[in-house]
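> sharing a model prediction with you, sequence too.
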Amino acid sequence: MDDDIRFGGLIFDKSFLFARRASGEELKFTRAERAMLLLLTGNVRKIVTRNRLLDAITGAGSDSADRNVDFVINRLRAKLGDSARNPSFIATQYGEGYVWIAEPSEGPNEALLLIGPVFGLERTASGEPARAFLLRLRDIIDAQTADNQIVVLELNGQAASSKSLFSLEVSFYDDGKCMHCAAVLRKVATGQILQTFRLMLDAAGLPASEPDIESVVAGLKSAMWRQATTGQGILAGPTDQPLELQMHDTARLFDRSDESWATMSEQLSEARRSQPGDPQTELMWAMHLYARILQNPADLDLRAAHEEDIERCVFDHLAVFQGNPIFLLGAAKLLLFTGRGHLALAEQLAEQAFLSSTAFASAFSSLGQIRMCKGDIRSAVDLYDRGIELSVPDSEFRVYLMVLKCAALMAEGDRSRLDKAVAALYALKPVTRLQIGLFVAPPGPLAPDLTLVVGQFDAARAKHAILHLHYVFARLFVREDHRENIMRGVIGHLTERFGADVVPDEVRRSVPRLV
């Protein structure tokens, strides 16, 4: 209807009594939930205080549970399929309230996969086995994709009416003995064929022989994953993002939790089994190891083993990446990350990728990090600004570049410009204040919301936070004063609360004057 309001993959009626997903699933909201939705969605990207939310949900007809703002928020998130850690709709602003971060959209969201058009059903004696198979196929694929990704089934033989990233064209033929099924997976934008399969169905709509439906889904998912991750081949546009972000975005297409890298591990492990020694797969595996280290830098043995594997992978396949700028930039990023004396080579590779391709934004990102770590902060910030200008507004790539710019300004000790950069980052993505606010806060009293964040720490978590910031950023800087500027704030805040023992030994060796 014209009065419907669309946010992401959900369509709300004007009163916010109901919402429906593209799959047809309908959601119904309580009075308190409706009041909260009306207030939040009427203030997109603005902080709504807890007191305003409490005023909205209390009153006649409310029960004790409805008078608990956090309880209603959690109930809403559960219905919306939202995550507190990685929100698509409601972000928490600790100490202040909540923010509705989803932007309204005017048209239907693009589906991940359109199953259709479907041909041949009208020529079969009974189309029930075919329909049962298609419904089962849609449900299994949908169960293995993220909540905000849509899988659409169109049973007619007309031209597809839904917009989608991929399409699966299906044909059926009944020879009187069994139902034959043939399907072609395509990338919609180019028409490129990515995968085909053929099978026979029994009367219940189940494959009568190999492959079974689970194998079909695994093959389709693998083909979509590889295309979404490396589909541009050796060509890269000025606004294309780096390999690690492409991989992360692709993983989030197929994951229903916050741990999208677990999905990437599963896909890469299967790809390595089916194509052993494939250079692109091996570099993506190295990127996956890089992400695993970032999740747990405290495991020193695992860290050393993964760093060695990353280094070996890059050098084993470096010659193959010479003609692919995105993979060449990925190799440069990994060599920088290992911290094993490859800074000059990493810069050479990034310069080569920039000069020989149109991958401007990705090159600006990689070159900026290398220049930053070498100590050329002015050049790094200029490169980040150029990348930000090329990046898509509201994209994770832009957020990523803005975080890197903040790191560069923090290393330089330029508090005035850092405060402006941080404010711009928080305005773009409010949840980042909770994620990095403690790290970029200056020494001295913390803001109330960051005080609440630290209040949730114990000594072990404080130690991990210090180690994480040092490993991800500070250790890579050549200059000790830059490392000190990165670490000064967080060490000061956390040692004040927990004592000097929360500073790990490797951090003490890196910035001895701070401890």
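Here it is on my side, so go on. Residues are numbered from 1 along each chain as shown.
> what about residue 369, distance to residue 314?
16 Å (C-beta to C-beta, to the nearest Å). Heads up, the C-betas are built off the backbone N, CA and C, glycines and all.
> ok, which stretches of the chain are strands?
5-7, 10-12, 18-21, 26-28, 47-49, 90-93, 97-100, 104-105, 111-119, 151-153, 164-174, 179-187, 193-201 (DSSP state E).
> pick out the shakiest of those, pLDDT-wise.
Ranked by mean pLDDT, those bottom out at strand 104-105, which scores a mean of 76.
> what pairs with that strand, parallel or antiparallel?
Neighbouring strands of strand 104-105 in its sheet, by DSSP bridges, are strand 5-7 (antiparallel).
> flag every buried residue along the strand it pairs with.
6-7 (16 or more other C-beta atoms under 10 Å).
> from the middle of its chain, how far away would that strand be?
22 Å (C-alpha atoms, centre = their mean, to the nearest Å).
> please name the residues that touch the residue nearest to residue 185 when sequence neighbours are not counted.
Using C-beta to C-beta, 6 or more residues apart in numbering and skipping residues adjacent in sequence, the residue nearest residue 185 is residue 195, 4.1 Å away. Contacts for residue 195 were tallied using C-beta atoms under 8 Å, 6 or more residues apart in numbering; they are 184-185, 219-220, 223.
> how about residue 140?
With C-beta under 8 Å, 6+ apart, residue 140 has these contacts: 213-214, 217.
> repeat for residue 314
For residue 314, counting by C-beta under 8 Å, 6+ apart, the contacting residues are 283, 286, 331, 334-335.
> in TSV, list those residues along with distance to residue 513.
As requested, the contacts of residue 314 are exported to TSV (distance: C-beta to C-beta, whole Å):
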residue	distance to residue 513
283	38
286	35
331	35
334	31
335	29
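> could the strands of the chain be laid out in TSV, adding distance to residue 277?
As requested, the strands of the chain are exported to TSV (distance: least, C-beta to C-beta, whole Å):
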stretch	distance to residue 277
strand 5-7	45
strand 10-12	44
strand 18-21	42
strand 26-28	48
strand 47-49	52
strand 90-93	43
strand 97-100	47
strand 104-105	43
strand 111-119	30
strand 151-153	33
strand 164-174	27
strand 179-187	25
strand 193-201	22
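> of all the ones you listed, which lies closest to residue 40?
Proximity to residue 40 (C-beta to C-beta) singles out strand 97-100 among the strands of the chain, at 3.9 Å.
> relative to the closest one, what are the paired strands and their orientations?
strand 47-49 (antiparallel), strand 90-93 (antiparallel).
> from the chain's centroid, how far away is the shortest one?
Translated: strand 47-49. Distance, centroid of strand 47-49 to centroid of chain: 26 Å (C-alpha atoms, centre = their mean).
> quick one: buried residues of it?
residue 48.
> how's this structure carved up into domains?
As given by automatic domain parsing, the domain ranges for the chain are 5-105, 111-216, 232-430, 443-515.
> and the residue nearest to residue 185, how far is that from residue 506?
Distance from residue 195 to residue 506, by C-beta to C-beta: 46 Å.
> may I ask which helix or strand of this protein has the lowest mean pLDDT?
helix 243-253 (a mean of 67; mean pLDDT, DSSP states H and E).
> residue 452 reaches residue 95, doesn't it?
Yes: contact criterion C-beta atoms under 8 Å: residue 452 and residue 95 qualify, at 5.0 Å.
> one step back: can you pick out the most distant pair from the contacts of residue 195?
Farthest pair in the contacts of residue 195, by C-beta to C-beta: 184 and 219, 12.4 Å.
> of those two, which one has the most company?
A count of neighbours by other C-beta atoms under 10 Å puts residue 219 above the other of residue 184 and residue 219, at 18 against 14.
> contacts only, for that one.
195, 197, 211.
> got it, and residue 120?
Counted by C-beta under 8 Å, 6+ apart, residue 120 has contacts 130, 157, 171-174.
> same check on residue 307?
293, 338-340.
> tell me the one of the residues you listed nearest residue 397?
Using C-beta to C-beta, those come closest to residue 397 at residue 293, 21.6 Å.
> so for the closest one, what's the pLDDT?
pLDDT at residue 293 comes out at 86.
> residues near it, how many?
Residue 293 - counted by other C-beta under 10 Å - has 20 other residues nearby.
> wait, doesn't it sit right on residue 306?
Yes: using C-beta under 8 Å, residue 293 is in contact with residue 306, at 5.2 Å.
> before we move on, back to that, pick the most deeply packed of the domains of the chain.
Mean neighbours per residue, mean count of other C-beta atoms under 10 Å, is largest over the domains of the chain for domain 232-430, with a mean of 19.
> still on that earlier bit, which ones among the contacts of residue 140 lie within helices?
213-214, 217 (DSSP state H).
> turn those residues into TSV, including pLDDT.
Formatted as TSV, those follow (pLDDT from 0 to 100):
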residue	pLDDT
213	86
214	88
217	89
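> what distance separates stretch 499-515 from the centre of its chain?
With C-alpha atoms, centre = their mean, you get 32 Å for stretch 499-515.
> ends of that stretch, how far apart?
10 Å (C-alpha to C-alpha, to the nearest Å).
> which outside residues touch that stretch?
With C-beta under 8 Å, 6+ apart as the criterion, stretch 499-515 contacts 298, 459, 462-463, 466-467, 470, 474-475, 480, 483-484, 487-488, 491, 494-495.
> same thing with stretch 448-461?
93-96, 433-434, 437-438, 441, 446, 465, 493-494, 497-499, 501-502.
> out of the residues you listed, list just those in helices.
Per DSSP H, the subset of these in helices is 433-434, 437-438, 465, 493-494, 497-498.
> which of the contacts of residue 195 lies closest to residue 136?
Once C-beta to C-beta is applied, the member of the contacts of residue 195 that ends up nearest residue 136 is residue 220, at 13.4 Å.
> ok, back up a step: lowest-confidence one in the ones in helices among the contacts of stretch 448-461?
Where pLDDT dips furthest among the ones in helices among the contacts of stretch 448-461: residue 434, at 85.
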